[in-house]
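*Asks:* got a sequence here, can you build the structure:
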Amino acid sequence: MTLPDLITRHQEAVEATLQATVEGRKDPLYRMMEYQMGWVDETGTSVTSSMLRAHPTLTLGVCEALGGSVESAMPAAVAVELLYQFACVHDDIQDGTPDHGPRPSVWWVWGPAQAINAGDALHVLARLSLFSMVNHGVSTEQVLAATKVMDAASLELFEGQHQDLQIQGQVAVSQSTYLEMAERRAGALMGCAAQLGALIAGADETVQEQCRQAGRKLGLAQHLQGDINELWNATPDDAPLTIVRKSLPIIYAIETAPVAVKREIGTLFMTRVMDPQDMPRLAELLGEAGARTHCIEAAESASAAYRASLESAGVPSASLDELAAFGAHLIQHGTTGA
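*Replies:* Down below sits the predicted model:
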């Protein structure tokens, strides 16, 4: 698989900077964090990481595009990645997900209590990384502004996660409510990553906000593509049961499909945990209701809004094309593998 130049250009430096955040720290707590980052296995043995660091790539790409220094932006770039990993650890606990990507979740290996400690420590390392920007030519005022940006994004992420848990327990949910949640949950940190790149490049508040909106739309597009993949592009496995969450295709079909179709979708979905043999029928019903097409169009619209916001921010055409290629790759392939 060919990676966009923007990813390969910064991949090695990002990984080295991330690893430096735990270098020399001997407490076993940091082995859990190294495991979450993909550097070691359950025994602490080093492994080769194939993670795509999407958030740092966006921060550095935006900063570069707006004439800023990649070296100055690097601590902020890795800070958002550490914050993202913190959110992943806690999200796995909340969802009770035994696996994170191709490996067991941190909480599944070490238990929920220790996983919470590891996640919280990742959050602290993210803030410390931001503060270290003063050693890279970034002013105290910019560091404070960056900290405010990251804290605001964290709060919005938590709001989105709370809203998602509420949605899963509600019978009736509107598309607008779902899209609002998805943009918060998946877009808050992407928006933070893009805004930090603009801030460190010295952009004014208007440009920063346009970059933030670009990141939010990229996160939304990725989330909606995940909704599509979950129902139509999932890899078959041997699991006896499948957990089905309330996603945009299901919400759209329940809103718009004929009554008989709604009833059958509801019967299948309301079990929440179903036999994988029932999944093709659910996907078929949703497809017949136009839900797949609708979701594809929504993801394409969000992706177009990502590019349009970057263009409004004054990103030059060459950099705009590069950031668009990165976004397209991310939407198609996700953040955990390249």
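*Asks:* alpha carbons only for contacts and neighbour counts from here, please
*Replies:* Will do.
*Asks:* contacts only, for residue 76.
*Replies:* Counting by C-alpha atoms under 8 Å, 6 or more residues apart in numbering, residue 76 touches 56, 59, 129-130, 133, 146, 196-197.
*Asks:* just residue 180 next, same as before
*Replies:* Applying C-alpha under 8 Å, 6+ apart, we find residue 180 in contact with no residue.
*Asks:* also residue 33?
*Replies:* 118-119, 122.
*Asks:* tell me which of the contacts of residue 76 fall in helices.
*Replies:* Using DSSP state H, the subset of those located in helices is 56, 59, 129-130, 146, 196-197.
*Asks:* from those, pick the one nearest residue 205.
*Replies:* For these, the residue nearest residue 205 by C-alpha to C-alpha is residue 196; the value is 11.1 Å.
*Asks:* the helices in the stretch 101-250 of the chain, which residues?
*Replies:* All helices of the stretch 101-250 of the chain, identified by DSSP state H, counting those that start in this stretch, fall at 106-110, 112-131, 140-168, 175-200, 205-232, 248-256.
*Asks:* the fourth one: which residues count as buried?
*Replies:* Looking back up the chat, that one is helix 175-200. 175, 178-179, 181-200 (16 or more other C-alpha atoms under 10 Å).
*Asks:* before we move on, the earlier item: wait, which of the contacts of residue 76 is closest to residue 8?
*Replies:* Within the contacts of residue 76, proximity to residue 8 (C-alpha to C-alpha) peaks at residue 56, which comes in at 12.0 Å.
*Asks:* can you report how many residues lie near that closest one?
*Replies:* 29 (other C-alpha atoms under 10 Å).
*Asks:* got the contact list for it?
*Replies:* When contacts are counted by C-alpha under 8 Å, 6+ apart, residue 56 is found next to 14, 74, 76-78, 80-81, 193.
*Asks:* what's around residue 24, how many residues?
*Replies:* 9.
*Asks:* ok but it is inside a strand, no?
*Replies:* No - under the criterion used here (DSSP: H, G, I helix; E, B strand; the rest coil), residue 24 is coil, not part of a strand.
*Asks:* how far away is it from residue 79?
*Replies:* The gap separating residue 24 from residue 79 is 18 Å, by C-alpha to C-alpha, to the nearest Å.
*Asks:* buried sites along stretch 70-77?
*Replies:* Neighbour counts over stretch 70-77 (16+ other C-alpha under 10 Å) mark 70, 72-77 as buried.
*Asks:* the bottom helix or strand of this structure by mean pLDDT?
*Replies:* strand 242-243 (a mean of 62; mean pLDDT, DSSP states H and E).
*Asks:* let me see the confidence value for residue 147.
*Replies:* With respect to pLDDT, residue 147 scores 96.
*Asks:* surely residue 134 and residue 140 touch.
*Replies:* Yes - Residue 134 is within contact range of residue 140, at 6.4 Å (criterion: C-alpha atoms under 8 Å).
*Asks:* those two: who's more crowded?
*Replies:* More crowded of residue 134 and residue 140, by other C-alpha under 10 Å: residue 134, with 15 against 12.
*Asks:* the most far-flung residue of the chain relative to its centre sits in which helix or strand?
*Replies:* Relative to the centre of the chain, the most outlying C-alpha is that of residue 260, 36.0 Å out, by C-alpha atoms, centre = their mean. According to DSSP states H and E, residue 260 maps onto helix 259-269.
*Asks:* report the buried residues of that helix.
*Replies:* Judged by neighbour count (16+ other C-alpha under 10 Å), helix 259-269 contains these buried residues: 261-262, 265-266, 268-269.
*Asks:* TSV for those, including pLDDT?
*Replies:* As requested, the buried residues of helix 259-269 are exported to TSV (pLDDT from 0 to 100):
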residue	pLDDT
261	84
262	83
265	81
266	77
268	76
269	71
